[in-house]
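Asks: Predicted model and sequence below, questions to follow.
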Amino acid sequence: MDSDEMKPEYDFSKGKRGAVIPTPPGKERITIRLDSEVLDWFRQQVNNQGGGNYQTMINQVLREYILTHQAPLEELLRRVVREELAQYKTE
C-alpha cells in the first residue's frame, strides 16, 4: 500500500481529544476574536523586528496595559471609602 493511499478504516480507540501540543504552565488556551487590522499590525511589528511570535507580543502589550492602569492600593481604598460614605450622606 502506498503511503499516499487512504485506508478504508482507521482505529482511533487510543486517540486523545484536545491540543496536540500541551499548554505550558501559566498559559491558557482560549478562542478570541480580534479585528483583522489589529492582528495585521501585530504581525507586521513582529516581522519588522525580524521575527518572533505575534501572540507573545499581544500578551506583552496587554500585561503592560494592566500594569500601567492598576490603581495603587491606597487610591483604590480611598475611592471605596468615599463611595461607601456617600451612601450614608444621602440617607
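Replies: Everything's here; your move. Numbers count the residues shown, from 1 in each chain.
Asks: what pLDDT does the residue nearest the centre of the chain get?
Replies: Among the residues of the chain, the one closest to the centroid is Asn59, at 6.1 Å (CA atoms, centre = their mean). With respect to pLDDT, Asn59 scores 95.
Asks: same check, this time on the one 5 residues further on
Replies: The predicted local confidence for Glu64 comes out at a pLDDT of 92.
Asks: Tell me the spacing between the residue nearest to the centre of the chain and Asn53.
Replies: From Asn59 across to Asn53, the span is 9 Å (CB to CB, to the nearest Å). In short, each C-beta sits where N, CA and C put it, glycine included.
Asks: distance of Asp35 from Ile58?
Replies: From Asp35 to Ile58 the distance is 12 Å (CB to CB).
Asks: Looking at these two, which is more packed in?
Replies: Ile58 (17 against 8; other CB atoms under 10 Å).
Asks: Spit out the contact partners of that one.
Replies: Each residue near Ile58 by CB atoms under 8 Å, 6 or more residues apart in numbering is listed here: Phe42.
Asks: In which helix or strand does it reside?
Replies: helix 54-69 (DSSP states H and E).
Asks: Buried residues, stretch 56-72. List them.
Replies: Buried residues in stretch 56-72, counted by 16 or more other CB atoms under 10 Å: 57-58.
Asks: which residues touch stretch 75-84?
Replies: Under CB under 8 Å, 6+ apart, the answer for stretch 75-84 is Ala71.
Asks: ugh, typo on my part, it should be stretch 21-39
Replies: In contact with stretch 21-39 (CB under 8 Å, 6+ apart) are residues 19, 54.
Asks: how long is it from one end to the other?
Replies: End-to-end distance of stretch 21-39 (CA to CA, to the nearest Å): 23 Å.
Asks: What mean pLDDT does that stretch get?
Replies: 92.
Asks: How far off centre is that stretch?
Replies: Distance of stretch 21-39 from its chain centroid, counting by CA atoms, centre = their mean, to the nearest Å, is 5 Å.
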